[in-house]
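Chemist: The sequence and its predicted three-dimensional model are supplied below.
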Amino acid sequence: MIRTHTCGQLRAAEIDQTVTLCGWVLNYRDQGGIIFIDLRDRDGLTQLVFDREVCGAEAHDLAGHARSEWVLQVTGVVKSRGERKNPKLATGEIEIFAKSLIVLNRAETPPFEIGEHSRVGEEARLKYRFLDLRRPAMQRNLIIRHRVLKTVRDYCDHHRFVEIETPTLCKYTPGGARNFLVPSRMHPGSFYALAESPQLFKQLLMVGGYDRYLQVARCYRDEDLRNDRQPEFTQIDLEMSFIDMDDIMGIGEGMAREVWRTILGIELPAPFRRMTWTEAMLTYGSDKPDLRYGMPIIELSDWAVTSGFSVFQRSIESKGVVRALNAKRSSDVLSRRTLDSLTEFAKGLGAKGLAWIKILGDPSKAESWQGPAAKNITEAARSDLARRLEVGEGDVLFFGADSNKMVCSVLGALRVELGTKLLNLARGDDWQFLWVHSAPLYEWSEESQTWGANHHPFTAPYAEHIPLLGSDPGKVLSKSYDMVLNGNEIGGGSIRIHDSATQERVFQALGIDHEEAQRKFGFLLHALSYGAPPHGGMAFGLDRLIMLITQSESIRDVIAFPKTQRGRDEMLDCPTPVTDRQLKELHLVSAAAKPTAAQGG
RNA sequence: GGCCUGGUAGCUCAGUUGGUUAGAGCGCCGCCCUGUCACGGCGGAGGUCGUGGGUUCAAGUCCCAUCCAGGUCGCCA
């Protein structure tokens, strides 16, 4: 060890001790005969003092030449700062009177400043990620990430989970996310797929008798990226045998409670609120409702029939629905201009329009009701509406009239837009957890005109719904559950099918016949036929979880080396082309034009 | 794949209806300063305005194409 303490460690208790610190130069203030240097490491910041009278001319000169991000080793004596202490620093009561200085390494002038105050764009940060990682915000995020994983592993260990690794090179399975493919050198023309999740392996581990499995699993999906999506990401993956929904939900929320307690010192309620998928969709227009604010969606289809507003009435006649939400006391914020942009917002989601009414006075008076939809509504319908939506002065009402699916999606998105942006009702440190459970097993796809698995095709239906598999698959509900936090799905899972007969029936309803099932998932059906225990599990999206805990704006801020939106690594400058020889060895021919020298900036 | 925003000094940005030599703050370089702490003072350097083409007497500014970054819809069972 070439240091005795870290840069965040020293306090008044160490006064008069001789210490050696190592770290990076954050900042220097050269006063001539006395030079101050702020020395930084991941632990904090300590002020060094180079007084020519104390440290001598040689060390003083050397200190005078030190620049940002040079790496120094300094030995000196801890002194009290007395009246000059800096309350902004944890080490602000003391400073080090340097006796000797060794420059461990010089540094090029960094492209951006490392301190708390610097504002840097993402392009520069990603290109110089090794410097970005020195910034306190990044260090805090990655250290929290470590502590969360440590907490999760300890929690699972206490609950008898066994951590087992599964392959990332595995078999391509159809459905779900697009896979990254890896060509096989030894099997010309054949490919591995990078695992999009360890789903089937963990079920096989249950058949293998491991009872309770845990993995911090890297997953790969070749889909377009978002603010909260990366091509490779990490799941906290769990699976348990001899349990039912309540057991695994108990373990999942116990883990969340333990993490919030340990990392944030916050005691979350027990148990978490629960809601069926159907209730979530009807009331919040979302399968992951943000409960930090109210604004429930109210069913008005029966009211619409007699409302007098022909647009609503026609919607009902064509088997649609009418629902509304009330943005309480928002008329000041929601200007005509903003309402117009919200109409465009709704149209962008596929709505034909967005009817709204502003209440600009006593709601019992007709003239208070303003807006395109207001004058078309009969007097009786208006007072009925006032009662149902609990209308008060200053409220703004929004209506959706369309198919059930469209109304859910438009009013659901509108509710989030109002709550999180326009009306600013959501705080980042307000933790509203809930479970959304019992989603439909199948989802109708308009595009392919077939039923598809809503979760994945290994999800167990409720036993009493199994007879509906052949006749009315849309009514079959699944033993599935998602953990939702502030409008984000942070984890999800299900009870799995554990007998091969049921598994085949579920495949059948998806249009997968016996032969196809054998070809694609034969290994699973085979395993289920050898005494598979009842089992189920869930997986948490670690990156998203850390993003929320640290209140980060992007998933890239909680990953050490992330990719850009087009899947590039700006620091490594990858992906890159390979040589013809490499392709030949892998039995591949590239159909892409040869990349030329990079264009543009 | 669609839509939106952006790309100007090392960084963060400004740049008017197209008009002389493209600016600011921070950083950087030099000098001064023994109590600073986002130190201060004086002086200085630094630009292919992402790239390519077009319109024009004249383009950072207008048009077309393209690359890159971000956001979003589709997609992510």
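Modeler: Ah, there it is.

Chemist: A:R147 belongs to a strand, doesn't it?
Modeler: No: counting by DSSP: H, G, I helix; E, B strand; the rest coil, A:R147 is not found in a strand; it is helix.

Chemist: show me the contacts for it.
Modeler: A:262-263 (CB atoms under 8 Å, 6 or more residues apart in numbering). Bear in mind the C-beta positions are built from the backbone N, C-alpha and C, glycine included.

Chemist: Likewise for A:P271?
Modeler: Applying CB under 8 Å, 6+ apart, the residues near A:P271 are A:249-250, A:253.

Chemist: So it lies in a strand, does it not?
Modeler: No: the assignment for A:P271 by three-state DSSP gives coil, which leaves it out of any strand.

Chemist: Give me the phi and psi for it.
Modeler: Here is the backbone geometry of A:P271 (degrees, to the nearest 10): phi -80, psi 170.

Chemist: Can you report phi and psi for A:V333?
Modeler: phi -80, psi -40.

Chemist: Oh, that last question was meant for A:L39, not what I typed.
Modeler: phi -100, psi 130.

Chemist: quick one: the closest residue in space to A:S100 that isn't next to it in sequence from A:T46, how far?
Modeler: With sequence-adjacent residues excluded and distances taken as CB to CB, 6 or more residues apart in numbering, A:S100 is closest to A:T75, at 4.9 Å. Distance of A:T75 to A:T46, computed by CB to CB, to the nearest Å: 13 Å.

Chemist: Helices along the stretch 351-500 of chain A, start to end?
Modeler: Using DSSP state H, counting those that start in this stretch, the helices of the stretch 351-500 of chain A run over A:379-388, A:404-416, A:468-471, A:500-509.

Chemist: now those helices as TSV including mean neighbour count, distance to RNA strand B and mean pLDDT?
Modeler: Below are those laid out as TSV (neighbours: other CB atoms under 10 Å; distance: least, CB to the nearest atom of the strand, whole Å; pLDDT from 0 to 100):
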stretch	mean neighbour count	distance to RNA strand B	mean pLDDT
helix A:379-388	15	29	93
helix A:404-416	22	7	92
helix A:468-471	14	16	88
helix A:500-509	18	11	90
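
Chemist: just to revisit the earlier point, with secondary structure added, can I get the contacts of A:P271 in TSV?
Modeler: As requested, the contacts of A:P271 are arranged in TSV below (three-state DSSP):
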residue	secondary structure
A:M249	helix
A:G250	helix
A:E253	helix
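
Chemist: And the buried ones among these, selectable in PyMOL?
Modeler: In PyMOL, a selection of the buried entries from the contacts of A:P271 looks like this (16 or more other CB atoms under 10 Å):
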select buried, chain A and resi 249+253
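
Chemist: For A:T459, state which of the contacts of A:P271 is nearest.
Modeler: When the contacts of A:P271 are compared for distance to A:T459 (CB to CB), A:M249 wins out at 14.9 Å.

Chemist: So the closest one is in contact with A:F433, correct?
Modeler: No: using CB atoms under 8 Å, A:M249 makes no contact with A:F433, being 11.3 Å away.

Chemist: Got phi/psi on the nearest residue to A:P533 once chain neighbours are set aside?
Modeler: Counting by CB to CB, 6+ apart, the nearest residue to A:P533 once its immediate chain neighbours are dropped is A:S241, at 4.1 Å. Note on A:S241: backbone dihedrals following degrees, to the nearest 10 are phi -110, psi 160.

Chemist: mind checking pLDDT for A:S241?
Modeler: At A:S241, the model reports a pLDDT of 98.

Chemist: count of neighbours near it?
Modeler: 19 (other CB atoms under 10 Å).

Chemist: This completes my enquiry, with thanks.
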